[in-house]
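Enquirer: no FASTA, just this:
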């Protein structure tokens, strides 16, 4: 039923796991995947540890997503170890990439404070063998991409502005190229009903409309029980807008048989 | 070097992967783990899919964390399938738990709208064999806990207020019982230096103070290069507050040898 291209995100950084930083990067990317009809299958948040990165990348590649994005750990300091972890996972060595080095040089040559291409700066141009740099229009560490079997692996910096700039310049064109269809979706609000009372009608509707995906989110509360439900219905089948409308109408008829429920479509 | 108890979080829900909802639950929990001296090793965000949940739980258990928290998918509707996924991963059947049933009953008996213990409501009291319910003081679906080898597995609802209520009532006491020591930490701001210029001094400091953890975050920007760095230094070694102060002093001395840098301690 779901034939859209698949993706995974691996987000690297202790700051995400000690509760200092909220991972808004993955959320921002998730929205773009949905907009371009891609299915994000999993997000994994890992420590700044070679063993963790190697294990996470190996596990993700085993699931063969079309696109695997890593976030964070591309900078010059010792705790930036994403590319080393990827190289270990792929059984490749790290080599100085001349194209990447030119990108890093160009950035530092603009800076008065520059003290030359130290080993810490060359580190940002040292990529797994066979990888290519992706231009970073606003920062120093380039993105990195390498094809692994059927998976396109893309590594982006963790600084949100730089991640977004490289994603927009280099990854959005990849998403667009797949010509995947964005999912059709409808969200309705159901007022004055609790989730367990909705469940039977929702169950019948789901059976009547295979291929549609239903997800209910309790939002309101009354005596400890939610009484406003946001129901999200969507499908990735092409040309099935009418099917969505029919399913909503069916569900509301089923509900009206049993309960006093107000429903308002929000989108 | 790191002997603190370990944890993982598995957060289940398509809404997190299509970009509708930001996973603030994991972030909230991550802060508590840090506060009580626990190390959160990994966060995994999964689709509402039995195969994905089984795979995610099996993978996490293989890494033997002391605590594995799952979030979401405990409600009455068909897309709530976390307990079924866990049961499959553990090779256990799902059975109606009388203690959990009493909790669900007590909640619905307060509600005028109650239409009895439908199968959708009994579903919330149907747990993997050997599991116990955890009281949900403000909602209907109880939390669930089961011991798997050396791992304590705890399943919590995805609705943030209910997750927090059960976590506070039932999980915080577990964290406290380990008597783990919270990490000592110092964060300083370094002004007027770029990350790649900081790297050499930071590298020397790191070598001089094994057992300390350093993480730098570029925050400012000048001509496309960050010029304000937040440096976070911490350790889980007990009684090493003085070591942290010595390391910061050492780093500042190293930096003053080469650059004009203002540093201010923020915490």
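Expert: Nice, thanks for sending it over. What you see is a predicted model; the values in this text were computed from it and never measured.
Enquirer: so what does the helix or strand in which residue A:16 is found touch, helix or strand wise?
Expert: Under the criterion of DSSP states H and E, residue A:16 resides in helix A:14-17. Helix A:14-17 sits against strand A:39-46, strand B:39-46, strand B:213-218, with contacts defined as 3 or more C-beta pairs under 8 Å, 6 or more residues apart in numbering or on different chains; DSSP states H and E. Where you see a C-beta, it was placed from the backbone N, CA and C, and this is true even at glycine.
Enquirer: which one of those strands lies closest to residue B:154?
Expert: strand B:39-46 (13.6 Å; C-beta to C-beta).
Enquirer: so which bits of that closest one are buried?
Expert: Neighbour counts over strand B:39-46 (16 or more other C-beta atoms under 10 Å in any protein chain shown) mark B:39-46 as buried.
Enquirer: what does that strand contact?
Expert: A:16-19, A:26, A:42-47, A:52, A:56, B:2, B:4-13, B:16-17, B:23, B:26, B:29-30, B:33-34, B:52-53, B:56, B:59-60, B:63, B:65, B:236 (C-beta atoms under 8 Å, 6 or more residues apart in numbering or on different chains).
Enquirer: narrow those to those that are buried.
Expert: Buried, going by 16+ other C-beta under 10 Å: A:16-19, A:26, A:42-47, A:52, A:56, B:4-13, B:16-17, B:23, B:26, B:29-30, B:33-34, B:52-53, B:56, B:59-60, B:65, B:236, out of those.
Enquirer: and the next element down the chain from the helix holding residue A:16?
Expert: helix A:24-35.
Enquirer: which residues sit in contact with the residue nearest the centre of chain A?
Expert: With distances taken as C-alpha atoms, centre = their mean, residue A:30 lies nearest the centre of chain A, 3.6 Å away. Contacts for residue A:30 (C-beta under 8 Å, 6+ apart) come out as A:9, A:40, A:43, B:16-19.
Enquirer: redo the buried residues of strand B:39-46 as JSON lines? Include pLDDT.
Expert: Output for those, formatted as JSON lines (pLDDT from 0 to 100):
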{"residue": "B:39", "pLDDT": "94"}
{"residue": "B:40", "pLDDT": "96"}
{"residue": "B:41", "pLDDT": "97"}
{"residue": "B:42", "pLDDT": "98"}
{"residue": "B:43", "pLDDT": "98"}
{"residue": "B:44", "pLDDT": "98"}
{"residue": "B:45", "pLDDT": "98"}
{"residue": "B:46", "pLDDT": "98"}
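Enquirer: just the helices in the stretch 101-250 of chain A please.
Expert: For the stretch 101-250 of chain A, the helices defined by DSSP state H, counting those that start in this stretch cover A:119-123, A:160-166, A:172-177, A:195-208, A:241-256.
Enquirer: just name the most buried of these.
Expert: Mean neighbour count (mean count of other C-beta atoms under 10 Å in any protein chain shown) peaks for helix A:195-208 among the helices of the stretch 101-250 of chain A, with a mean of 21.
Enquirer: other SSEs contacting that one?
Expert: Secondary elements touching helix A:195-208 (3+ C-beta pairs under 8 Å, 6+ apart): strand A:213-218, strand A:228-235, helix A:241-256, helix B:119-123.
Enquirer: tell me which of those sits nearest to residue B:152.
Expert: Among the helices and strands packed on helix A:195-208, helix B:119-123 sits nearest to residue B:152 (C-beta to C-beta), with 23.6 Å.
Enquirer: is chain A contacted by the closest one?
Expert: Yes. Helix B:119-123 lies within reach of chain A by C-beta under 8 Å from any C-beta of the partner chain, at B:120-121.
Enquirer: what helices or strands is that helix leaning on?
Expert: Right, helix B:119-123 is packed against helix A:195-208, helix B:98-108 by 3+ C-beta pairs under 8 Å, 6+ apart.
Enquirer: what about that helix, average pLDDT?
Expert: Regarding helix B:119-123, the rounded mean pLDDT is 87.
Enquirer: repeat that for stretch A:139-153.
Expert: 96.
Enquirer: which stretches of the stretch 151-267 of chain A have low pLDDT?
Expert: A:220-227, A:236-239, A:258-267 (pLDDT under 70).
Enquirer: OK, now which residue of it is nearest to chain B?
Expert: residue A:199 (3.6 Å; C-beta to the nearest C-beta).
Enquirer: state the distance from that residue to residue B:88.
Expert: Counting by C-beta to C-beta, to the nearest Å, the separation of residue A:199 from residue B:88 is 22 Å.
Enquirer: what of residue A:130?
Expert: With C-beta to C-beta as the criterion, residue A:130 and residue B:88 are 39 Å apart.
Enquirer: same question, residue A:178
Expert: 32 Å.
Enquirer: quick revisit: contact partners for the residue of the stretch 151-267 of chain A closest to chain B?
Expert: B:76-78, B:118, B:120.
Enquirer: and if we set it to 7 Å?
Expert: Counting by C-beta atoms under 7 Å, 6 or more residues apart in numbering or on different chains, residue A:199 touches B:76-77, B:120.
Enquirer: and what of residue A:175?
Expert: Residue A:175 touches A:32, A:36, A:38, counting by C-beta under 7 Å, 6+ apart.
Enquirer: quick check: residues of the stretch 1-150 of chain A near chain B?
Expert: A:14-15, A:17-19, A:22, A:24, A:27, A:30-31, A:34, A:40-47, A:59, A:75-79, A:107, A:110-111, A:113, A:115, A:118, A:120-121, A:138-140 (C-beta under 7 Å from any C-beta of the partner chain).
Enquirer: walk me through the domains of chain A.
Expert: A:6-177, A:184-265 (automatic domain parsing).
Enquirer: ok, back up a step: residue A:130 and residue B:88: who's more crowded?
Expert: residue B:88 (20 against 12; other C-beta atoms under 10 Å in any protein chain shown).
Enquirer: get me the contact residues on the stretch 151-267 of chain A for chain B.
Expert: A:159, A:194-197, A:199-200, A:202-203, A:206, A:214-218, A:223-225.
Enquirer: quick check: the gap between residue A:174 and residue A:8.
Expert: Residue A:174 is 14 Å from residue A:8, by C-beta to C-beta.
Enquirer: do residue A:161 as well
Expert: Distance from residue A:161 to residue A:8, by C-beta to C-beta: 23 Å.
Enquirer: same question for residue A:46.
Expert: 12 Å.
Enquirer: how about residue A:241?
Expert: 29 Å.
Enquirer: ok, residue A:28 next?
Expert: 16 Å.
Enquirer: check contacts around residue A:245.
Expert: By C-beta under 7 Å, 6+ apart, residue A:245 has no neighbours at all.
Enquirer: so what's the closest residue to residue A:101 other than its chain neighbours up against?
Expert: Closest residue to residue A:101 apart from its sequence neighbours, by C-beta to C-beta, 6 or more residues apart in numbering or on different chains: residue A:125 at 4.0 Å. Shown in contact with residue A:125 (C-beta under 7 Å, 6+ apart): A:96-97, A:100-101, A:104.
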